[in-house]
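S.K.: quick one, structure for this:
(chains A and B)
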Amino acid sequence: AQTVTQSQPEMSVQEAETVTLSCTYDTSESNYYLFWYKQPPSRQMILVIRQEAYKQQNATENRFSVNFQKAAKSFSLKISDSQLGDTAMYFCAFPRWDTDKLIFGTGTRLQVFP
Amino acid sequence: GAGVSQTPSNKVTEKGKYVELRCDPISGHTALYWYRQSLGQGPEFLIYFQGTGAADDSGLPNDRFFAVRPEGSVSTLKIQRTERGDSAVYLCASSPRLGGANVLTFGAGSRLTVL
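M.R.: Got it, this is the predicted structure:
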């Protein structure tokens, strides 16, 4: 079975600081994609970053970067220079390659304090 | 449209009633997904469509749940004989095509409360 685990229900960080959100997953596939989505109070899920498993280079999108450890099946999200607008739920997700189902973790609630 | 639109935004109903939730995907997106998000949980897959046909409906919890997409655009999620346990946010998403690499664009969801 393919699963996604986010072990940090809540995290907090001060504005301008750096925070890392953890995600581990389990799959028998060799090629797949991994995603981080953000869900603000407005409820609309927004893509933060995407990683291709066959690429060794970690993906980066402005202040957001990932630490992808394929052997350890770990996919953490680093947010640099945290902003108040980063306050949201963050979900790690990956699709089953054969069915296109996107499997989500239980999420991490991030609070950014001024 | 510019984004994925879901209506109603909020729906309160009584146990046993029938409800319909509507999703209007991004124009041209052939793949459409429904997810259910219970309080404090991540979204759980319900069903997805490729065009008009349901490609995978294995996430529908029971036969009270049904979804259609008759013209390959707008989709309706239908829930019969609602139960309190059906209370959740129902999220719709679309993408240009099926495939694990695709980024899903989500709507803001429909919050269903069953009293």
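
S.K.: give me the residue at the spatial middle of chain A.
M.R.: A:W36 (3.4 Å; Cα atoms, centre = their mean).

S.K.: and that residue, how far from B:Q50?
M.R.: For A:W36, the distance to B:Q50 (Cβ to Cβ, to the nearest Å) stands at 25 Å. C-beta: built from backbone N, CA, C; applies to glycine.

S.K.: repeat that for A:A71.
M.R.: The gap separating A:A71 from B:Q50 is 34 Å, by Cβ to Cβ.

S.K.: which stretches of chain A have low pLDDT?
M.R.: Along chain A, the model assigns pLDDT under 70 to residues A:1, A:96-99.

S.K.: which parts of it sit against chain B?
M.R.: For chain A, the contact set with chain B under Cβ under 8 Å from any Cβ of the partner chain comprises A:4, A:32-33, A:35, A:37, A:42-47, A:50, A:52, A:91, A:93-97, A:99-107.

S.K.: list buried residues within these.
M.R.: By neighbour count, with 16 or more other Cβ atoms under 10 Å in any protein chain shown, the residues of chain A next to chain B hold A:4, A:32-33, A:35, A:37, A:43-45, A:50, A:91, A:93-97, A:100-107 as buried.

S.K.: tell me the SS of the closest residue to B:H29 other than its chain neighbours?
M.R.: The spatial neighbour of B:H29 that comes closest, neighbours along the chain excluded (Cβ to Cβ, 6 or more residues apart in numbering or on different chains), is B:S94 at 3.8 Å. Secondary structure for B:S94, judged by DSSP: H, G, I helix; E, B strand; the rest coil, is strand.

S.K.: what pairs with A:T5 across the strands?
M.R.: Counting by DSSP bridges, A:T5 is bridged to A:T24.

S.K.: wait, isn't B:V114 in contact with B:E14?
M.R.: Yes - in this structure, B:V114 is within contact of B:E14 by Cβ atoms under 8 Å, at 7.3 Å.

S.K.: how about residue 67, what does it touch?
M.R.: Picked chain A for this. Neighbouring residues of A:N67 by Cβ atoms under 8 Å, 6 or more residues apart in numbering or on different chains: A:20, A:58, A:74-76, A:78.

S.K.: meant chain B, my bad for not saying
M.R.: Applying Cβ under 8 Å, 6+ apart, we find B:A67 in contact with B:34, B:46-47, B:49, B:54, B:57, B:60, B:75-78.

S.K.: which elements pack onto the helix or strand bottoming out on mean pLDDT in chain B?
M.R.: Here the helix or strand of chain B ranked lowest by mean pLDDT, DSSP states H and E is strand B:53-56, holding a mean of 89. On a contact count with 3 or more Cβ pairs under 8 Å, 6 or more residues apart in numbering or on different chains; DSSP states H and E, strand B:53-56 meets strand B:44-50.

S.K.: what is the strand it packs on packed up against?
M.R.: strand A:102-104, strand B:31-37, strand B:53-56, strand B:65-68.

S.K.: and B:G85, which of these is closest to it?
M.R.: The closest of these to B:G85 is strand B:31-37. By Cβ to Cβ, the value is 10.7 Å.

S.K.: three-state assignment of A:G85?
M.R.: Assigned by three-state DSSP, the conformation of A:G85 is helix.

S.K.: state the distance from it to chain B.
M.R.: 17 Å (Cβ to the nearest Cβ, to the nearest Å).
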